[in-house]
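J.: this is a predicted model, with the sequence first.
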Amino acid sequence: MGKKKQVCEDSEVSLDAIDEQCLSSPKEGKRKRLWKQVRYQLVEYHSLPGYLRDNEFIVGHYRSEWPLKQILLSIFTIHNETLNVWTHLIGFFIFLSLTIYTAMKIPKVVDLSDVLKKADLHKLHAELMACLPSLPNMPDLHRFREELKTSLPTIDLIPSPSNWHIIELLTNCLPERFSHGNHTDICVLHNVKEDLANIIAPLMMRPITRWPFFAFLGGAMFCLLSSSTCHLLSCYSQRLSYIMLRLDYAGIAALISTSFYPPVYYSFMCDPFFCNLYMGFITLLGIATILVSLLPVFEKPEYRSIRASLFFGMGVSGVAPILHKLILFWDQPEAHHTTGYEILMGIFYGVGALVYAMRIPERWMPGKFDIAGHSHQLFHVLVVAGAYTHYQAGLVYLKWRDLEGC
């Protein structure tokens, strides 16, 4: 017993010897708890193995080669990767919610005023005639125009006698699920304005394919989730760190590549040559970037600037299709609207890449931003902001092309 005590108190003895001899003493329970505190404590930069050394300006609060269970539980503790994990994990759930919302709601009901701005009333008249071949006293086209114009501004209110006829004309095409009782009450509607939009909109528009937009949302979710996972698990072992970093780089390349899909596809959907050219180019560039990131040398700290430049270059390659879009659609307000969003997105991504490469602000005050405020956390926040800005641009593209077509 005395010998074991001496071993435990000997500062030169190895940690393995302490683990084997000290924990078998009568005070095993207390010492085991103490040993867990020592074993899973945060360490400083100079104590890290080589593969975990990336930013010397982050001085402390590192996890190093913990057991997997402790690493998973560390998502709820404070260390220098906590905010790196949560900024992109929260971003993932934001984009998951946006994807579900987009699939269910956009554009279930198009703004009726926007539809009517683009509407061809002659076509509408013909469609309604085909829909209601046996309806007596069908108004002539001029009267139909005037009644439609008069009744739409107040269509969200209770129908008045002056607009009953136009409402009856349109709502007789509505499915029975929109009505209560019989048609003696002129088919009372849950929401007249919404139901009219659902009837009129399909006559003037044919919703375009959504896959480029959902490809972008999928790329964003993959990037955010792979980044969060990488920051949580990379400290487990050198092999897992290597795999996680490759997954992280692949996620960044996927986000940048798929971000091109909505603007390129919806801008050039009527010109297959340029559509395929631009989309093929960015897809090949993204694949090439992922392949380059598989090289072991790519992860070394001295290649940080090259990593940032490579991804930045992918983003800059989007200038060509954006300028081309502006030349083709200079007279279209949607082209300017989407370009404004894309410029803002580029600013977010560009500033994020610059902050990441320059290691700002921790390079100015090493150790002061270990827990919160260092460059990687700022980079994560800017990435989420840029991706959300691009989502807003995507909504404009969908609405524009749904109404315009080719």
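T.: Structure received. Every value quoted in this text rests on a predicted model; they were computed, and no experiment measured them.

J.: from here on, contacts and neighbour counts on C-alpha atoms
T.: Noted.

J.: do me a favour and average the pLDDT over stretch 298-310.
T.: Throughout stretch 298-310, pLDDT has a mean value of 71.

J.: er, stretch 354-373 actually
T.: Along stretch 354-373, the predicted confidence averages to a pLDDT of 93.

J.: ditto for stretch 106-119
T.: Here the average pLDDT along stretch 106-119 is 52.

J.: what's the answer for stretch 382-399, then?
T.: Over the span of stretch 382-399, the pLDDT mean works out to 95.

J.: next, give phi and psi for residue 59.
T.: Reported as degrees, to the nearest 10, the phi and psi values for residue 59 are phi -80, psi -40.

J.: residues touching it, list them.
T.: For residue 59, the contacting residues are 44-45, 366-367, 370, taking C-alpha atoms under 8 Å, 6 or more residues apart in numbering as the criterion.

J.: what's the local residue count around residue 249?
T.: Summarising burial for residue 249: neighbours were counted as other C-alpha atoms under 10 Å, giving 24.

J.: of the contacts of residue 59, closest to residue 335?
T.: Proximity of those to residue 335, judged by C-alpha to C-alpha, is greatest for residue 370, which lies at 42.8 Å.

J.: right, and the closest one touches residue 60 too?
T.: Yes: between residue 370 and residue 60 there is a contact under C-alpha atoms under 8 Å: 6.4 Å.

J.: overlap in contacts of these two?
T.: Jointly contacting residue 370 and residue 60 under the rule C-alpha under 8 Å, 6+ apart are residue 80.

J.: more neighbours, the two?
T.: Taking neighbours as other C-alpha under 10 Å, residue 370 and residue 60 compare with residue 60 leading, 22 against 19.

J.: so which of the contacts of residue 59 is the most crowded?
T.: Sorting the contacts of residue 59 by how many neighbours each has (other C-alpha under 10 Å) puts residue 45 first, at 21 neighbours.

J.: picking up where we left off before, now the contacts of residue 59 in a markdown table, please, with extra columns for distance to residue 246 and secondary structure.
T.: Conversion of these to a markdown table gives the following (distance: C-alpha to C-alpha, whole Å; DSSP: H, G, I helix; E, B strand; the rest coil):
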| residue | distance to residue 246 | secondary structure |
| --- | --- | --- |
| 44 | 25 | coil |
| 45 | 23 | helix |
| 366 | 28 | coil |
| 367 | 28 | coil |
| 370 | 24 | coil |
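
J.: give me the three-state assignment for the closest residue to residue 252 other than its chain neighbours.
T.: Nearest-residue entry for residue 252: residue 223, 5.5 Å, with adjacent residues in sequence omitted and distances by C-alpha to C-alpha, 6 or more residues apart in numbering. When the structure is split into helix, strand and coil by DSSP: H, G, I helix; E, B strand; the rest coil, residue 223 lands in helix.

J.: residue 223: how many residues sit nearby?
T.: Count around residue 223 with other C-alpha under 10 Å applied: 25.

J.: cool, and residue 266?
T.: A count of neighbours around residue 266, defined by other C-alpha under 10 Å, yields 25.

J.: next: residue 86.
T.: Residue crowding around residue 86 was assessed by other C-alpha under 10 Å; the count is 20.

J.: residues contacting it?
T.: Residues in contact with residue 86, defined by C-alpha under 8 Å, 6+ apart, are residue 228.

J.: ok, residue 344 next?
T.: Residues in contact with residue 344, defined by C-alpha under 8 Å, 6+ apart, are 386, 389.

J.: now do the domain split for this structure, please.
T.: Domains of the chain are assigned by automatic domain parsing as 1-39, 76-107+208-404, 112-204.
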